[in-house]
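Engineer: Output the structure for:
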Amino acid sequence: MYLILDLGNTNKKMAVLPSGKLTPEAFSITTGKIESYPEISLQDVREFSLRYPAIDACILSSVIPYPVMISDWLRKRFRYLEFNHKTPLPITNRYLSPETLGRDRLASAIAGFSMYPGQDVLVINAGTALTYDLVTSAGAYIGGSISPGMNMRFRALHTFTGQLPLLTYTEIDFLTGTDTEGSLLSGVINGMTAEMERMIQYYQEEYPGIKVILSGGDLIYFVNRLKISIFALPNIVIYGLQQILAFNDKESF
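Structural biologist: The predicted model follows:
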């Protein structure tokens, strides 16, 4: 049994998943226990992991600083892998600056390729940032795009102007805002939807038959807005980390 820790900018997640390689079908069902924390401590990690005595290996991925005592404790208790730009991968990483590549982006691409081996895959992660990541049918991660996520757009419009209010997501069914709040909502929500649809079209033109996966914390706001065929997979980073750990798990690291 695997313990997965994904420490992101917004949420810190822990999951327990089966060891070994998941089948593509397994990605569409609940395959383990996942919990999310705004912040995370050694006590959180200890309490979560002790609930699952079958855990024997662990992977930690973080895009933020975290208490070193967490990794120290995990290293002593389990076969432990800390995911970084030097970690062996089940795909080829062709990114020109691998040390600057977000681990969440790479893990997402690996999960996507595990779902659709031998096919071109575009993974869209709608979270703190809105990211697009391409892995080819040959199993090569090429790169992608990064733009501001939804809350970042709302916050930027408020912060860098004198009078625009700070908004959060509100369901809308209009294109043209007739007041300031409606105009902001239309600009951010319709704008992000249009961006994603056009980016998908660009990739479809270059890679006919490409599979598209949507994930991230804001997935629920956009999955029904997109008029293009996609596969929605919450927590894709968790599954990508599971694949990386399975690839490296040789009883010792």
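
Engineer: pLDDT wise, what is the residue of the chain most remote from its centre at?
Structural biologist: Distance from the C-alpha centroid of the chain, by CA atoms, centre = their mean, peaks at T178 (34.8 Å). Confidence at T178, expressed as pLDDT, is 98.

Engineer: where's it, which helix or strand?
Structural biologist: Using DSSP states H and E, T178 sits in no helix or strand.

Engineer: Could you give me the buried positions within the longest strand seen in the chain?
Structural biologist: The residue-count maximum for a strand in the chain (DSSP state E) belongs to strand 140-148. Residues Y141, G143, G144 are the ones in strand 140-148 that count as buried (16 or more other CB atoms under 10 Å). Backbone N, C-alpha and C define where each C-beta goes, glycine included.

Engineer: Could you point out which residue ranges in this protein have low pLDDT?
Structural biologist: By pLDDT under 70, the weakly predicted segments of the chain are 20-32, 251-253.

Engineer: on that earlier part again, just checking, next helix/strand downstream of the longest strand of the chain?
Structural biologist: helix 150-159.

Engineer: Check the offset of that next one from the chain's centre.
Structural biologist: Chain-centre distance of helix 150-159: 21 Å, with CA atoms, centre = their mean, to the nearest Å.

Engineer: how about the helices of the stretch 51-200 of the chain, start to end?
Structural biologist: Taking DSSP state H, counting those that start in this stretch as the test, the helices found in the stretch 51-200 of the chain are 68-77, 103-115, 150-159, 180-185, 191-206.

Engineer: Name the stretch among these that sits most buried.
Structural biologist: helix 103-115 (a mean of 27; mean count of other CB atoms under 10 Å).

Engineer: Just the terminal-to-terminal distance for stretch 40-55.
Structural biologist: Taking CA to CA, to the nearest Å, the span from the opening residue of stretch 40-55 to its closing residue is 19 Å.

Engineer: Tell me the gap between that stretch and the middle of its chain.
Structural biologist: Centre to centre, stretch against its chain (CA atoms, centre = their mean), the figure for stretch 40-55 is 22 Å.
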